[in-house]
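K.L.:
Have a look; sequence and predicted model below, questions after that.
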Amino acid sequence: MGIQSSSHKLHIIYFSGSYGTKYASECLFSSFKNKGADIKISEIFQADTIETDTDNVLIIMYPVHAGDAPHSVYKWISSLKRIQNKKAVIISVSGGGEISPNTACRFRVKGKLIKKGYTITNEYMLCMPSNVFISTEENLSLALFKVLPAKCELIASEIINDKERIKKPLFFDIILTYLFLIEKTGVKALGRYHKVNKDCTGCKLCSKKCPTGNIIMKNDKPHFKWNCSLCTRCFYICPVNSISVRILKFFKLKNGLDIYSLASKADETDIPEISSQKISFIWNGVLKYINDIENI
Ligand SMILES: Cc1cc2nc3c(=O)[nH]c(=O)nc-3n(C[C@H](O)[C@H](O)[C@H](O)COP(=O)(O)O)c2cc1C
């Protein structure tokens, strides 16, 4: 029996840094709405007020951070009550696609949700432009927005029609996921000491928008606490580009990232076919994702 006919209530809960996952979550929400599904959407940022009691399908969406989910996602899952008879769908959003070590980026989330009593029925990987180290080439970025509605359409219809999709991570990637757990503490330490240059106007935007509530204002300047996910939001939303990471300088993209402008540009642009010979091999996973709608 499909989700609609069994009156399932769906709830997308997402964590997003530079708004790629937010954009993808909103696109998926629209696909469900177009199919007449009963669905809500909430950002983990509003964790205290998210009401999940009446939902029976949880759709959790998050960006891949070091082959895993950001620590805020685990914090939210640990706050959930133990339940029975609820389904969960896990959707990771990456800059690199379903390549190693990303194949295990849902593995620990799955384990934690199962411990809370959820049954995992579907797993997907979506791609959005990279927000760290190297910008996704523009044609690829625009193509990611072009293919997203079709991917969301497919995900929504699989979930509505109870068509399960479970992915098998590579064993080596599972090991890496555990080795990379150091990242969870590393990002908190790095984030505690973000640099704010003299251009800062004290506008408070970073503090208002930080998805982990990690930024407070002191003497009209942002002050970072110990709960950073290194999600990059404050870097890219700062109107005067005044915030950066103190070490790992190449972590922040030189040209910034504005997901919603890229999305509008994609709307207005015809994207030529992208050939694998013209792009660097590091984008192979993204290219496969773009060229095959079933690749999710
Ligand atoms: C701390 C950090 C670690 C990341 N690690 C990975 C990774 O291991 N694999 C990958 O494909 N992308 C990685 N990315 C890129 C993001 O997953 C990707 O850009 C995603 O679309 C960001 O979503 P958001 O805009 O909702 O934050 C990382 C990003 C950050 C900030």
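P.N.:
Received, thanks.
K.L.:
Partner strands of the host helix or strand of residue 61, with direction?
P.N.:
Assigning secondary structure by DSSP states H and E places residue 61 in strand 57-63. Partners of strand 57-63 in the sheet, by DSSP bridges, are strand 9-14 (parallel), strand 86-94 (parallel).
K.L.:
Let's have those strands in JSON lines, adding mean neighbour count, distance to the ligand and mean pLDDT.
P.N.:
Where you see a C-beta, it was placed from the backbone N, CA and C, and this is true even at glycine. Formatted as JSON lines, those follow (neighbours: other C-beta atoms under 10 Å; distance: least, C-beta to the nearest ligand atom, whole Å; pLDDT from 0 to 100):
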{"stretch": "strand 9-14", "mean neighbour count": "22", "distance to the ligand": "8", "mean pLDDT": "96"}
{"stretch": "strand 86-94", "mean neighbour count": "23", "distance to the ligand": "3", "mean pLDDT": "97"}
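K.L.:
Redo these as JSON lines? Include distance to residue 102.
P.N.:
Output for the strands paired with strand 57-63, formatted as JSON lines (distance: least, C-beta to C-beta, whole Å):
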{"stretch": "strand 9-14", "distance to residue 102": "18"}
{"stretch": "strand 86-94", "distance to residue 102": "5"}
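K.L.:
Rounded mean pLDDT for the strand holding residue 61, please.
P.N.:
For strand 57-63, mean pLDDT rounds to 97.
K.L.:
residues in contact with it?
P.N.:
Residues outside strand 57-63 that contact it (C-beta atoms under 8 Å, 6 or more residues apart in numbering): 3, 8-17, 20-21, 24-25, 28, 52, 69-70, 73, 77, 86-94, 109, 113, 118, 128, 131, 159, 231.
K.L.:
Tell me which helix or strand comes right after it.
P.N.:
Past strand 57-63, the next helix or strand by DSSP H and E is helix 71-78.
K.L.:
Show me where the stretch 1-150 of the chain dips below the pLDDT cut-off.
P.N.:
1-7 (pLDDT under 70).
K.L.:
got the residues of it near the ligand?
P.N.:
16-22, 63-67, 93-96, 102, 128, 130-132 (C-beta under 6 Å from any ligand atom).
K.L.:
picking up where we left off before, return the strand holding residue 61 as PDB; C-alpha atoms alone will do.
P.N.:
Coordinates of each C-alpha in strand 57-63 appear next as PDB, following Å, rounded to 0.1, in the frame of the first residue of the first chain:
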ATOM      1  CA  VAL A  57       7.900   8.900   7.900                       C
ATOM      2  CA  LEU A  58      10.900  10.900   8.900                       C
ATOM      3  CA  ILE A  59      13.000  12.200   6.000                       C
ATOM      4  CA  ILE A  60      16.400  13.400   7.300                       C
ATOM      5  CA  MET A  61      18.600  15.400   5.000                       C
ATOM      6  CA  TYR A  62      22.100  16.700   5.700                       C
ATOM      7  CA  PRO A  63      25.400  17.600   3.900                       C
END
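K.L.:
Okay, angle between that strand and helix 71-78 too, please.
P.N.:
160 degrees (axes from the mean of the first three to the mean of the last three C-alpha atoms, to 10 degrees).
K.L.:
start at 11 instead
P.N.:
Understood, numbering begins at 11; the last thing we discussed is strand 67-73.
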